[in-house]
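*Asks:* quick one: sequence and predicted model below, then my questions.
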Amino acid sequence: MRRRLLNEAQAAGTLKTGVDIDKVVAMIFSGLLGACVMYTSDKSKENLDRTIDTLVEYVDLICA
């Protein structure tokens with residue numbers, strides 16, 4: 001689903017030129033997985049929000 005959405009964004013011209021979609025998909029997946037693992041271990045909503053915010057900021061950076 002993430003790959004499809006990023007491909008659509010790239011086709012619409014909303015991603016910066018040269019963005020490697022496979023790498024972005026891998027980073028988003030890894031970030032979400034890491035956020036889940038961290039939350040499971042410490043139950044910190046603050047840490048979870050910070051991790052998710054970091055992923056959102058990254059996506060904002062690759063958007064045109």
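*Replies:* Received it, and whenever you're ready, just let me know what you need.

*Asks:* tell me the pLDDT at residue 64?
*Replies:* According to the prediction, residue 64 has pLDDT 81.

*Asks:* ok, and the closest non-adjacent residue to it?
*Replies:* residue 16 (5.1 Å; Cβ to Cβ, 6 or more residues apart in numbering). For glycine as for every other residue, the C-beta is placed from the backbone atoms N, C-alpha and C.

*Asks:* which parts of the helix or strand harbouring residue 29 are buried?
*Replies:* In the assignment (DSSP states H and E), residue 29 maps to helix 21-42. Neighbour-count burial for helix 21-42 flags 21, 24-25, 28, 35, 39 (criterion: 16 or more other Cβ atoms under 10 Å).

*Asks:* show me what it is packed up against.
*Replies:* Under the contact criterion of 3 or more Cβ pairs under 8 Å, 6 or more residues apart in numbering; DSSP states H and E, helix 21-42 touches helix 2-12, helix 45-62.

*Asks:* could you list the residues in contact with the longest one?
*Replies:* What it means is helix 45-62. 15-16, 19, 24, 27-28, 31-32, 34-35, 38-39 (Cβ atoms under 8 Å, 6 or more residues apart in numbering).

*Asks:* pull the contacting residues for the residue most central in space within the chain.
*Replies:* Nearest residue to the geometric centre of the chain (Cα atoms, centre = their mean): residue 28, 3.4 Å. By Cβ under 8 Å, 6+ apart, the contact list for residue 28 reads 2, 55, 58-59.
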